[in-house]
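> coordinates only, sequence not included:
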């Protein structure tokens, strides 16, 4: 089960992180995600971290990397579902999720991705977004 | 991290099972899901099992239970993303996912839940479905 599933919903890819991330898994997620963005012409990536009770610098860096890679591939990344304790810890540790957009929950993240895409000249299939 | 997140998308609840299920976790998922169906007035439940390389009788029973409970609460359940090997094993073991609807992927599952809901007299917020 050492693979994080990527769910395609219209032009948005949804990733729900539920397990402890380690080097190999993070690397695999980045590879899988970038490949899926290209193969499915995705315009948005939604990462749900509501299961994570802790976000350390490693996970923070991974999220920043994913956002950066997606942006180059013309897809916007939104991280949703952050627990209040996680936000507190991030600030206390001085960690900034560089280049990462956040939203309260999946619905608001979807709304943002929709408005982001509609402000772009490209076509955007919003059947599921 | 011993909690499976339930993502609300309009009137559909999305659950992605990525970890080994054991008794307590299965029980908790059933509780969380039924509570969330009631609190969010959900009309559909989408369970993604694309991470599962194996579905035994315990998981099969859990899926059947969830489908049964949801149905009583007037929500339809669809299981999506089953790996081919899982389907083969299920048949070979003689396990039937009683009362459980399946679809190939999240998009087709969403389509089914939409058409199910639109055939119902109740109103159905399909903003995200």
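That came in fine, so what should we check first? From a predicted model like this one, the values you see are computed outputs, not experimental measurements.
> now chain A, which segments are flagged as low pLDDT?
Scanning chain A for pLDDT under 70 picks out the ranges A:1, A:120-129.
> and it, which residues reach chain B?
A:1, A:3-5, A:7-10, A:14, A:16, A:18-20, A:48, A:50-53, A:81, A:105-107, A:110, A:128-129 (Cβ under 8 Å from any Cβ of the partner chain). All C-beta spots, glycine's among them, are computed from the backbone N, C-alpha and C.
> element containing the most centrally placed residue in chain A, please.
Geometric centre of chain A, nearest residue: residue A:47, 3.2 Å, by Cα atoms, centre = their mean. Per DSSP states H and E: residue A:47 is located in strand A:44-48.
> quick one: contacts of that strand?
Identification of contacts with strand A:44-48 by Cβ atoms under 8 Å, 6 or more residues apart in numbering or on different chains yields A:11-17, A:33, A:37, A:63, A:66-67, A:70, A:75-81, A:106, A:109-110, A:113, A:116-117, A:129, B:5, B:7.
> Show me these that map onto helices.
A:33, A:37, A:63, A:66, A:67, A:70, A:106, A:109, A:110, A:113, A:116, A:117 (DSSP state H).
> Dump these to JSON lines, plus neighbour count.
Putting these into JSON lines (neighbours: other Cβ atoms under 10 Å in any protein chain shown) gives the following:
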{"residue": "A:33", "neighbour count": "24"}
{"residue": "A:37", "neighbour count": "23"}
{"residue": "A:63", "neighbour count": "23"}
{"residue": "A:66", "neighbour count": "24"}
{"residue": "A:67", "neighbour count": "21"}
{"residue": "A:70", "neighbour count": "23"}
{"residue": "A:106", "neighbour count": "23"}
{"residue": "A:109", "neighbour count": "28"}
{"residue": "A:110", "neighbour count": "26"}
{"residue": "A:113", "neighbour count": "27"}
{"residue": "A:116", "neighbour count": "16"}
{"residue": "A:117", "neighbour count": "21"}
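> Farthest pair within these?
Farthest pair in the ones in helices among the contacts of strand A:44-48 (Cβ to Cβ) is A:63 and A:117. Separation: 20.5 Å.
> hmm, back to that, looking at the ones in helices among the contacts of strand A:44-48, spot the one nearest residue B:100.
residue A:106 (23.8 Å).
> Distance from the strand holding residue A:47 to the middle of the chain?
Strand A:44-48 sits 3 Å away from the centroid of its parent chain (Cα atoms, centre = their mean, to the nearest Å).
> Next: stretch A:90-106.
11 Å.
> And stretch A:69-83, by the same measure?
4 Å.
> now the end-to-end length of it.
End-to-end distance for stretch A:69-83, by Cα to Cα, to the nearest Å: 25 Å.
> Which positions in it come out as buried?
Neighbour counts over stretch A:69-83 (16 or more other Cβ atoms under 10 Å in any protein chain shown) mark A:69, A:70, A:75, A:76, A:77, A:78, A:79, A:80, A:81, A:82 as buried.
> Contact partners for residue A:70?
A:33, A:34, A:37, A:45, A:76, A:77.
> Which of those sits closest to residue A:97?
Using Cβ to Cβ, these come closest to residue A:97 at residue A:77, 10.2 Å.
> From residue B:66, how far out is the closest one?
31 Å (Cβ to Cβ, to the nearest Å).
> which two from the contacts of residue A:70 end up farthest apart in space?
So, those by Cβ to Cβ: farthest apart are A:34 and A:76, at 14.2 Å.
> which ones are touching residue A:64?
If you count contacts by Cβ under 8 Å, 6+ apart, residue A:64 has them with A:97, A:98, A:99, A:100.
> Go again with 10 Å.
By Cβ atoms under 10 Å, 6 or more residues apart in numbering or on different chains, residue A:64 lies in contact with A:77, A:95, A:96, A:97, A:98, A:99, A:100.
> One more: residue A:109?
Residue A:109 neighbours (Cβ under 10 Å, 6+ apart): A:12, A:14, A:44-48, A:76-81, A:101-103, A:129, B:7.
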